[in-house]
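Student: sequence and predicted structure below; questions after.
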Number of protein chains: 2
Amino acid sequence: MTRAEENYIKTIFHLGGATSQLISTNAIAEEMETKPSSVTDMAKRLADKELVNYVKYQGVSLTVKGVKTALAIIRKHRLWEVFLVKKLDFTWDEVHEVAEQLEHIKSEKLIDQLDALLDFPKYDPHGDPIPSKTGEFKERDKQLLSELPVHAKGVCVGVKDTSSAFLRFLDKNKIALGHTITILDKEDFDDSLRIQIDGRELQISNQIATNLYVKKE
Amino acid sequence: MTRAEENYIKTIFHLGGATSQLISTNAIAEEMETKPSSVTDMAKRLADKELVNYVKYQGVSLTVKGVKTALAIIRKHRLWEVFLVKKLDFTWDEVHEVAEQLEHIKSEKLIDQLDALLDFPKYDPHGDPIPSKTGEFKERDKQLLSELPVHAKGVCVGVKDTSSAFLRFLDKNKIALGHTITILDKEDFDDSLRIQIDGRELQISNQIATNLYVKKE
DNA sequence: AAGTATTTTTAGATTTGTCTAAAATTTTAA
DNA sequence: TTAAAATTTTAGACAAATCTAAAAATACTT
Ligand SMILES: [Mn+2]
Ligand SMILES: [Mn+2]
Ligand SMILES: [Mn+2]
Ligand SMILES: [Mn+2]
């Protein structure tokens, strides 16, 4: 598989998962910052290789083979992200770009040994689950902080927005995965929240609360 | 720089080093298992980018910029090889293929941190020197085992042939870098050697002796 | 249900990197 | 110093991946 093919497969998985729902040419083009005509060309190529089901004018969905491929790439991407943070002192806003390159390295032994070196991590630095070698993959039980009622308590387990800007904002405010958050108050006017985290009190906007995943407890 | 360009630069360095000696189209094609016409095309592209001096019908040599590029790639290749052996339990005959992929990953921080993680190694698993961040690069003081006189003693510091077959042969016979070798006897007929290594006595062919580097002591 | 807007595909072009076959140049050897 | 041999370049083609512009199909709206 070429790098371009792998990137398309990953994007299709990202947009549609393992479902048979057809993903539109336009949606893929948008996500990959390319043109719909390029997507059509690739859709045909991937269909030839039996990685996607392609229905003309309707879109594509991953085949079983396509899903397996996507999970293998995602596994590599997330393991590399863990490596960069745990072993090479990268911050969680720096890892994605490099992992985008490393995920295409072809060596089964490399990824198995990396997994072992990192002690078989279950989640990547952004809280996303790492598929097992055989493609096992379960989303964590989580919800957006904004969905929690007042006085509820939850552990921070992930981020929805993975942009550098958002991640650095969280760093600056010392909000990290693993911390427990209690909702002290909700402002009806703008849906902002007063929260307690790590002994501190903090006022956060709705935009923040709709991009932080917590596990209710 | 594209991956193909990087591979050409690396090959040209491999064949001609930093000298201004012109490397022929044919030699490059042979080394890269491609066709001379493809090499000509690439020679022009690299000349446009001022990475090589290209003299029509004569060959190419690296510019200063080209040498700098080559050393950066070689640095990455060799650091990754050390990583694979030291951190991921690869054997020295398995690393090259994967390092050929990893050497093209673009991230300055990645390679600097890797260097630190490995404790700033000076040599790769095959005894080849690792260029510094600034491109400092000195060949080690070494000679072929076959060039040593009878009764001389030397420390094994590198291999000339880096094929899997040769490296596994050395493993099988417990000949590793760092071991001290004493030449007990030389057979005139076939230039085979009787050597002492690690307390053992061993008979090795001239083919082995002309592919093992030692540092005389 | 027809007409308009949107989406998707096709057709044709471009870039990178490769190839084969033929032409040009250089090297070797009589 | 020519002729033959070897090397190198050119010309033209091809595959992958992309683009633009135009045509075709689908979706929306009145
Ligand atoms: Mn990522
Ligand atoms: Mn991630
Ligand atoms: Mn190598
Ligand atoms: Mn090496």
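Tutor: It's in. Residues are numbered from 1 along each chain as shown, chains lettered A, B, ... in the order given. Ligands and ions are numbered 1, 2, ... in the order given.

Student: so which bits of chain A are right by ligand 2?
Tutor: Residues of chain A found near ligand 2 (Cβ under 5 Å from the ion) are A:E81, A:D124, A:H126, A:D128. (Each C-beta comes from the backbone N, C-alpha and C, glycine too.)

Student: a markdown table please, covering those residues and showing secondary structure.
Tutor: Formatted as a markdown table, the residues of chain A next to ligand 2 follow (DSSP: H, G, I helix; E, B strand; the rest coil):
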| residue | secondary structure |
| --- | --- |
| A:E81 | helix |
| A:D124 | coil |
| A:H126 | coil |
| A:D128 | coil |
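
Student: nearest to ligand 4 among these?
Tutor: Nearest to ligand 4, judged by Cβ to the ion, of the residues of chain A next to ligand 2 is A:E81 at 27.4 Å.

Student: that closest one contacts A:A99, correct?
Tutor: Yes. Assessed by Cβ atoms under 8 Å, A:E81 is found in contact with A:A99 at 4.8 Å.

Student: and the two? Which one has more around it.
Tutor: Between A:E81 and A:A99, A:E81 has the larger neighbour count (other Cβ atoms under 10 Å in any protein chain shown), namely 27 against 21.

Student: residue nearest the middle of chain A, spatially speaking?
Tutor: A:D128 (5.5 Å; Cα atoms, centre = their mean).

Student: residue farthest from the centroid of chain A?
Tutor: Ranked by distance from the centre of chain A (Cα atoms, centre = their mean), the top residue is A:F189, with 31.0 Å.

Student: quick one: pLDDT of that residue?
Tutor: Predicted confidence (pLDDT) for A:F189: 95.

Student: now do A:K160
Tutor: 96.

Student: can you check the one 5 residues further on too?
Tutor: Reading off the confidence values, A:A165 has pLDDT 97.

Student: what's the helix or strand that contains it in contact with?
Tutor: In this assignment (DSSP states H and E), A:A165 forms part of helix A:164-172. If you take Cβ atoms under 8 Å, 6 or more residues apart in numbering or on different chains as the criterion, helix A:164-172 is touched by A:T91, A:W92, A:D93, A:E94, A:H126, A:V159, A:A176, A:I208, A:N211, A:L212.

Student: and what of stretch A:70-87?
Tutor: Against stretch A:70-87 from outside (Cβ under 8 Å, 6+ apart): A:6, A:9-10, A:12-13, A:62, A:90-92, A:94-96, A:98-100, A:102-105, A:111, A:114-115, A:117-118, A:121, A:123-126, A:128-133, A:135, A:137, B:110, B:113, B:117.

Student: ok, now which ones touch A:K122?
Tutor: So A:K122 contacts A:P129, A:I130 (Cβ under 8 Å, 6+ apart).

Student: let's see 10 Å
Tutor: A:R78, A:V82, A:P129, A:I130, A:S132, A:K138, A:R140 (Cβ atoms under 10 Å, 6 or more residues apart in numbering or on different chains).

Student: distance of A:E187 from B:D93?
Tutor: 64 Å (Cβ to Cβ, to the nearest Å).

Student: just the closest of the residues of chain A next to ligand 2 to chain B, please.
Tutor: A:E81 (12.2 Å; Cβ to the nearest Cβ).

Student: tell me how far the closest one lies from B:V157.
Tutor: 37 Å.

Student: who has more neighbours, A:E187 and B:D93?
Tutor: Taking neighbours as other Cβ under 10 Å, A:E187 and B:D93 compare with B:D93 leading, 19 against 12.

Student: and the more buried one, backbone torsions?
Tutor: phi -90, psi -10 (degrees, to the nearest 10).

Student: now do it, the pLDDT please.
Tutor: For B:D93, pLDDT reads 98.

Student: that one contacts B:S163, doesn't it?
Tutor: Yes. The pair B:D93 / B:S163 is scored as a contact, 7.9 Å apart, by Cβ atoms under 10 Å.

Student: can you show me the helices along chain A?
Tutor: With DSSP state H as the definition, chain A shows helices at residue ranges A:3-16, A:25-32, A:36-48, A:64-88, A:95-102, A:108-117, A:164-172, A:206-209.

Student: would you turn those helices into TSV with distance to B:I181?
Tutor: Shown next, in TSV, are the helices of chain A (distance: least, Cβ to Cβ, whole Å):
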stretch	distance to B:I181
helix A:3-16	45
helix A:25-32	57
helix A:36-48	55
helix A:64-88	36
helix A:95-102	39
helix A:108-117	31
helix A:164-172	54
helix A:206-209	66
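
Student: for B:G66, find the nearest of those.
Tutor: With Cβ to Cβ, the closest approach to B:G66 among these belongs to helix A:95-102: 23.1 Å.

Student: mind listing what's buried in the closest one?
Tutor: A:V95, A:H96, A:V98, A:A99, A:Q101, A:L102 (16 or more other Cβ atoms under 10 Å in any protein chain shown).

Student: separation between A:N211 and chain B?
Tutor: As judged by Cβ to the nearest Cβ, to the nearest Å, A:N211 and chain B stand 26 Å apart.

Student: no, scratch that, I was asking about A:Q207
Tutor: 29 Å.

Student: swap in A:P36?
Tutor: 26 Å.

Student: tell me if I'm right that that residue and A:G59 touch.
Tutor: No. In this structure, A:P36 is not within contact of A:G59 by Cβ under 10 Å, at 11.0 Å.

Student: which one of the two has more residues nearby?
Tutor: A:G59 (22 against 14).

Student: which residues are in contact with the residue in chain A that DNA strand D sits nearest to?
Tutor: Of all residues in chain A, A:T2 sits closest to DNA strand D, at 2.8 Å by Cβ to the nearest atom of the strand. A:T2 makes contacts with A:Y8, A:R45, A:H104, as judged by Cβ under 10 Å, 6+ apart.

Student: ok, these vs B:P149, which is closest?
Tutor: After measuring those against B:P149 - Cβ to Cβ - the closest member comes out as A:H104, at 50.7 Å.

Student: burial of that closest one, as a residue count?
Tutor: With other Cβ under 10 Å as criterion, A:H104 counts 17.

Student: and the one 10 residues further on, by the same measure?
Tutor: Applying the criterion other Cβ under 10 Å, we find 20 residues in the vicinity of A:L114.
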